[in-house]
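Take this sequence and fold it.
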Amino acid sequence: MPIDTEELRTVLEQSFIRAETAFFEDKGPRVPSVFADSCDVVFRSKTQAYREVLVGCLLARTHDKTTDIRLPYVKLGANAFSGRSLDERVVNPFLRGKSIPSSKGPYLSVFRRSVKFDESTGTGLKDKSGYEAFLALLSMIEQEEEDSGLLALLDYVMHRLVLLREEAKVDLITFDRISLTQYKELISGLLQKRSGGLFPVVLVLSMVETVNHVFSLSWEVEHQGINVADTAAGVPGDITIRQNGSPLLSIEVTERSVNDSRVRGTFRDKITAMGVLDYVFLVHLETIGRQAREQAEKYFAQGYEVNFVDINEWLSNTLVTVGRKGRKFFQDRLTQHLGQDQVPRVLKVAWNEEMEKLIT
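This is a model prediction of the structure:
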């Protein structure tokens, strides 16, 4: 049966999205331990072709369970498939696009000349233990008859590829200039990415630093780690601006909805306790309920500023204010923050994907 490359690209993309979600939630897909153990061997192997071909075999089997995944050349039998075509059209471009270490083509290097995936092929390979583990994985894939089971195995392999990428170096894409229209697209795209709250905070932090730099305000800009409790850290918000040591403005950057209970808790634990008179929630405004706004108005009457500002609009409008040089400084600060070693590679790839969209 001819392989529908568009369909398989979609299957691969959806599986990878699930794998990245599992990564953020710190829980990998569940598979039989024997499958995981064999994957350990394959992913430790220096022969990249094993894992790349494994992805292709899983896709071929998911597409058609009658496919003989031991026969990656069509002339080998009626149920064979073209492993090279599948790799060149789907698997290899996908891996490269996701910045996952990959080969230049497993069917042009390791598995040439119409080889079969059987024991005899292993005699000519350097990493025989890795190949034996690869064959063991093929056996388990062949035994799985349910679509859900095959997708679970594919999700696990994608999860391992995400982890593999976390060990690799990902260089951030930068441009000499980005227009205001492109910045709006970039900011909107990053804010829609799943990032565990990192993208919104880094965007706002970089903008505050830009304003401070462009207008020579001599602010002291403090920020804390992502998902660190403010009260535990002893700071009023995600970002605190001080002047001469005193808090001038505290900013809470949040993707979660803000209700009146949260506003009351923030007022009690941060605003009054730490002497902050100006407090801003940078949020998506549609997540702010009427009661939360009413509660903020009550605090205004008591002399405290508690405001809700749309994060996307604030970032885009401030980019106009800081001018061309400020926009370049903003990009530099963004890439410096995102380029740190502790930032997950998955977010660096997400940045690169959004940057590439600007020119495509």
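
show me the contacts for Phe199.
Phe199 makes contact with Leu190, Leu191, Lys193, Leu347, Ala350, according to C-beta atoms under 8 Å, 6 or more residues apart in numbering. Just so you know, the C-beta spots here come from the backbone N, C-alpha and C atoms, and that holds for glycine as well.

hang on, Val208 packs against Leu217?
No. Shown here, Val208 and Leu217 do not form a contact pair, counting by C-beta atoms under 8 Å, at 9.8 Å.

More neighbours: which of those two?
More neighbours surround Val208 than the other of Val208 and Leu217, with 21 against 13 (other C-beta atoms under 10 Å).

any idea of the pLDDT on that one?
In the prediction, the pLDDT value recorded for Val208 is 97.

about what we covered before: who wins on neighbours among the contacts of Phe199?
Using other C-beta under 10 Å as the contact criterion, the top neighbour count among the contacts of Phe199 goes to Leu190, which has 23 neighbours.

any idea how far Leu198 is from it?
Counting by C-beta to C-beta, to the nearest Å, the gap from Leu190 to Leu198 is 10 Å.

likewise Asp37?
Spatial separation of Asp37 from Leu198 under the definition C-beta to C-beta is 33 Å.

Of those two, which one has the most company?
The residue with more neighbours, out of Asp37 and Leu198 and counting by other C-beta under 10 Å, is Leu198; that gives 21 against 11.

now, the most widely separated pair of the contacts of Phe199?
Taking every pair in the contacts of Phe199 and measuring C-beta to C-beta, the maximum separation is 12.7 Å, between Leu191 and Leu347.

mind giving me the domain ranges of this protein?
Dividing the chain into domains by automatic domain parsing, as the record does, gives the ranges 5-166, 180-357.

helices and strands of the protein: which one bottoms out on pLDDT?
For the chain, scoring each helix and strand by mean pLDDT, DSSP states H and E identifies helix 230-233 as the least confident one, at a mean of 45.

what kind of secondary structure is the residue found closest to Asn79 once you drop the neighbours it is linked to in the chain in?
In space, not counting the residues next to it along the chain, Asn79 is nearest to Asp68; the distance is 4.2 Å by C-beta to C-beta, 6 or more residues apart in numbering. Judged by DSSP: H, G, I helix; E, B strand; the rest coil, the three-state class of Asp68 is coil.

from what I can see Asp68 touches Gly83, true?
No. Asp68 lies out of contact with Gly83 (C-beta under 8 Å); the separation is 11.2 Å.

can you map out the helices along the stretch 251-360 of the chain?
All helices of the stretch 251-360 of the chain, identified by DSSP state H, counting those that start in this stretch, fall at 260-266, 290-301, 311-338, 345-357.
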